[in-house]
Structures are given as structure tokens and as C-alpha cells.
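Engineer: Here's my sequence, what's the structure:
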Amino acid sequence: MALSDAILTRLLSLHPKIIDLGLDRMQALLARLGRPETKLPPVIHVAGTNGKGSTVAYLRHIMQAAGLRAHAYTSPHLVKFHERIRVAGELISEAGLAALLAECEEANGGEPITFFEITTAAAFLAYSRTPADYLVLEVGLGGRLDATNVVDPAVSVITAIDYDHQQYLGDTLSLIAHEKAGILKRGVPAVIGVQPDEARAEIERVGERVRAELHIAGQDWQAYEQHGRLVFQDGRGLLDLPLPQLRGRHQIDNAGNAIAAIRVLDDPRISDAHIAEGLKSTTWPARMQRLGQGALSGQAPAVSELWLDGGHNPSAGRVLAQAFSELNERHSRPLVMIWGMLNTKDAGSFIGCFAGIASRVIAIAIPGEENAVPAEKLAEAARAQGLQAETAPGLEAALGQASSTVPAPRILICGSLYLAGHVLAAHGNEEMTKVSGAGRR
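Structural biologist: You can find the predicted model right below:
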């Protein structure tokens, strides 16, 4: 076991049994660590329900295209914990991660603290000690009381909001939006992505109260596809850009969030050409990712397509279903879904998006996850939505069952980022970090 794995496992034992969101524990630990959050480069703080990770990836690649050094913080990880912490563009080293975790563990002194709080503090230490031009910082859960919400950002970004984590954030879009809008700071410009009306209204209300300068999609800027190009338009003019490398119409909105934030930053070192290059070079695993050659390729039916996506809430289901419907219009194949979810998610609302699109659903339980929904319960949820569903004891068996589909299918493995992590590890013959479940959040 890697040293960082051993420390992460110990840190997980400090995690309160019930997550009570708040900043007191985080503030106390940061004080003992010498306030690293005050020694960061300019921060772009990104909250939202869907598209946070992709927006962060676009920002990072645009900055990289401009020759800038950018830290980036994302969660959860898929295969290795190190994925969460990019220091000046590179994944944190094992030695560096282990040393920072040990330092934070000692400073915390055994006090109760969430796994996300103490690992975020470790990330802030890393970023405070390595020079960079920017830090692109993704919120973990919510915004107002999230452990990342101790920074004074240069720009805030709120991506699309939908129902998720209702047990912590509230059961209406207005309540969820209120929590996400908690990252807005007085006088700090904020980019607001495409939103449901109820969510946008609450964000505007919070923005007005804190006097944040809002740049709202559909009002102050817009991004759309036209003639195979991405067109971005705001008060400064129009940009004619290549389409993002990331697939799916929803990526136009995510790229728009990033472009709008870059325009608000107004850094003369970042040109329109750098924005274009960043869009073309951005990659982000488990976001409508077509898997190439690997260990799972030989288990899938011959000449089939193998796809992976970690989306897990209703709006993610809608955009994913739309994307695969459009794929089918261009090149018709039966869609077979290999589906696993956690019991904290709305399985029926997610799978219902694929009614009339998927020819077959093979339900599996996510391996190693105590909160995984049993396969038969998922199959029942799919049948209730009018889909043909069956179960399999695991991923390999599900791929084998998909082999009976004629003609060769388009196989989509989906429903959870945790399932996506297992898929990527199996496909690449990699060992996963030995921390799972709530701790990975």
C-alpha cells in the first residue's frame, strides 16, 4: 500500500459519522497550518451541480495553451487520489502528497474533521508553496459551507444547477441554488451558467445582496454551435471558435462558462487563439468518454463501441440521452447500458431519460461501495420507466451479456463516478486508491 493510502485511511477515521457542513473545523486547521489559503495565486472558484469538472478542465487547458502555470483542485477522484491535486499543471507526486497529508494530520491533532476538509487543507498547502499564475478551485459539495469557501477569489463561476445532495442542500432548486450562490463575494465578478429559472432567480437575489457583479448566460453572454463551430458572444464582441474536443451538446455550455470567466479575468496574456487551442486540447475522463484499446476491449462484443460517463442526476441523464440519441441519428446502433448507481441518487429519474433510446439495460452493483444500489433494484427502476432490463453479477459479466446484442451495440457504462473509477482502473490495469465511499467526496 502506498504511504499516502495509509494516511488517507487514517484520516477517514476522523470523519464525523454525519456530515455537518460548516467552516469552523476548516478554519481552525488552516490557522494551525499558518493560513495557506491567504497565500494562493488568483483563484477561479467553481460551484454548480453539473459541468464543474469540465469547466475546470477547459480553464486549465486554456491557461496552459497561454503558457501559464495553473493549479487545479477537483473531486472526487476516479482511480488515484492524486487526480484531485494538480500543482502547476502536474499531478501531485506520491512523496509530496504523503508529506502534506502527514503534516495536516499532525496539525489536526486527532480532532474530528471531514475527509474532504483535511485533504483540501493539504491541497492549499501545496498550492501556497509552489508559484503559479492561477488556481482553478472546484467546490466539493454545495458552496456556502463547503471547505473550499475560505478563499477570496478573482472570479466565481456557478455552472448548471439541478437536484443533487438534497439531504444536505435542500429539496428545491431555490434552496440548492442558495447554497451554491454562497461562493459569491462582495465586489467579485461571477459567471453564471445556463440555469433553470428558479435557480437563476435565487442566484440573482444573492448576487444583489452581496453586490457581486454577475455575468449571466443568455443575458450578458451566450455560447452556441453554428455551422460546426462554437460561437461565443458577449459585450466585448463575438468569437468564432472550434468545437470542444469533449463530446455532447452540453459541452457547449460548459465551454461557455470557461470562456466567459476568461473574458472576465481579462488577462492580456490569454489571447483568443489560446482559447481556441484550449478548447481543442481539453480532455476530462468519464465525461462521455469513448474508451480505446485496453483490458475491457476484448470483453466487449467485436466491432462494438465502448463508452463511459459518470453523470448521475436527472439533468446529467437528459444531456447524456440527448447526446446518444444524436449519435444514433448519425450512425445507428442499438444502445446497451451497463448501469450502476449509489442509493443517494434518484435512479428512476436518471434512467427514465433513456426510455425509447436504450434497447437494453444491464444493471450491476458498484463494486466495493456500501451505498451501491443492488442490481435487481436498479433493474426494477428501469422496468418501471418502460425499459428492458436485466442484471449481471459484475462488469465483466455485463459485457459478456451485451455480446448477444445484434447488430454490434454501442455500450454505455454509466450512473456514477465511482463506477467510472472502477471501469478506468480495470481498463488500464491500474490499482485504485484504497479510499472509497463518502471519503472519496
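Engineer: Where does pLDDT dip in the stretch 1-150 of the chain?
Structural biologist: Across the stretch 1-150 of the chain, the ranges flagged by pLDDT under 70 are 17-19.
Engineer: so where do the helices sit in it?
Structural biologist: According to DSSP state H, counting those that start in this stretch, the stretch 1-150 of the chain carries its helices in the segments 3-12, 24-32, 52-65, 94-108, 115-129.
Engineer: Send me the third one as CSV with only the CA atoms.
Structural biologist: Yep, that's helix 52-65 we're talking about. What follows is helix 52-65, C-alpha atoms only, in CSV (Å, rounded to 0.1, in the frame of the first residue of the first chain):
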residue,chain,number,x,y,z
LYS,A,52,-18.0,21.8,-12.8
GLY,A,53,-15.2,19.4,-13.7
SER,A,54,-15.4,20.1,-17.4
THR,A,55,-15.4,23.8,-16.8
VAL,A,56,-12.3,23.5,-14.6
ALA,A,57,-10.7,21.4,-17.4
TYR,A,58,-11.4,24.0,-20.0
LEU,A,59,-10.0,26.8,-17.9
ARG,A,60,-6.9,24.8,-17.1
HIS,A,61,-6.2,23.9,-20.7
ILE,A,62,-6.8,27.4,-21.9
MET,A,63,-4.3,28.7,-19.4
GLN,A,64,-1.9,26.0,-20.4
ALA,A,65,-2.2,27.0,-24.0
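Engineer: next one: that helix to chain centre, how far?
Structural biologist: With Cα atoms, centre = their mean, to the nearest Å as the basis, helix 52-65 stands 12 Å off its chain's centre.
Engineer: circling back to that earlier point, so which of the helices of the stretch 1-150 of the chain gets nearest R205?
Structural biologist: helix 52-65 (21.8 Å; Cβ to Cβ). The way it works is simple: take the backbone N, C-alpha and C, and place the C-beta from them, glycine included.
Engineer: Report all helices and strands that the closest one contacts.
Structural biologist: strand 43-47, strand 70-73, strand 134-138, helix 250-265, helix 272-281 (3 or more Cβ pairs under 8 Å, 6 or more residues apart in numbering; DSSP states H and E).
Engineer: Tabulate those (a markdown table), appending distance to G96 and mean neighbour count.
Structural biologist: Shown next, in a markdown table, are these (distance: least, Cβ to Cβ, whole Å; neighbours: other Cβ atoms under 10 Å):
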| stretch | distance to G96 | mean neighbour count |
| --- | --- | --- |
| strand 43-47 | 21 | 27 |
| strand 70-73 | 13 | 26 |
| strand 134-138 | 16 | 25 |
| helix 250-265 | 27 | 25 |
| helix 272-281 | 25 | 19 |
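Engineer: now for the ones you listed, which one comes closest to F354?
Structural biologist: helix 250-265 (15.6 Å).
Engineer: name the helices or strands packed onto that closest one?
Structural biologist: helix 52-65, strand 155-158, strand 190-192, strand 221-226, strand 229-234, helix 272-281, helix 314-330.
Engineer: between the ones you listed, which gets nearest to L378?
Structural biologist: Closest approach to L378 among the helices and strands packed on helix 250-265 is made by helix 314-330 (13.4 Å; Cβ to Cβ).
Engineer: how distant is that closest one from the center of its chain?
Structural biologist: Relative to its chain's centre, helix 314-330 lies at 18 Å (Cα atoms, centre = their mean).
Engineer: Give the other helices and strands that it contacts.
Structural biologist: The contact analysis (3+ Cβ pairs under 8 Å, 6+ apart) places helix 314-330 against helix 250-265, helix 347-351, strand 410-414.
Engineer: orientation of the first one relative to helix 314-330 in degrees?
Structural biologist: This points to helix 250-265. Counting by axes from the mean of the first three to the mean of the last three Cα atoms, to 10 degrees, helix 250-265 points 120 degrees away from the direction of helix 314-330.
Engineer: tell me the mean pLDDT over helix 250-265?
Structural biologist: On average, the pLDDT along helix 250-265 is 97.
Engineer: Could I have the CA atoms of that helix written out in PDB?
Structural biologist: Output in PDB follows, covering the C-alpha atoms of helix 250-265 (Å, rounded to 0.1, in the frame of the first residue of the first chain):
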ATOM      1  CA  HIS A 250     -23.900  20.200 -23.100                       C
ATOM      2  CA  GLN A 251     -20.200  20.800 -23.500                       C
ATOM      3  CA  ILE A 252     -21.000  24.000 -25.400                       C
ATOM      4  CA  ASP A 253     -22.500  25.400 -22.200                       C
ATOM      5  CA  ASN A 254     -19.500  24.200 -20.100                       C
ATOM      6  CA  ALA A 255     -17.000  25.700 -22.600                       C
ATOM      7  CA  GLY A 256     -19.100  28.900 -22.500                       C
ATOM      8  CA  ASN A 257     -18.700  29.100 -18.700                       C
ATOM      9  CA  ALA A 258     -14.900  28.800 -19.100                       C
ATOM     10  CA  ILE A 259     -14.700  31.400 -21.900                       C
ATOM     11  CA  ALA A 260     -16.900  33.800 -20.000                       C
ATOM     12  CA  ALA A 261     -14.600  33.500 -17.000                       C
ATOM     13  CA  ILE A 262     -11.500  34.100 -19.100                       C
ATOM     14  CA  ARG A 263     -13.100  37.200 -20.600                       C
ATOM     15  CA  VAL A 264     -14.000  38.500 -17.200                       C
ATOM     16  CA  LEU A 265     -10.400  37.900 -16.000                       C
END
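Engineer: how much distance is there from that helix to the middle of the chain?
Structural biologist: 15 Å.
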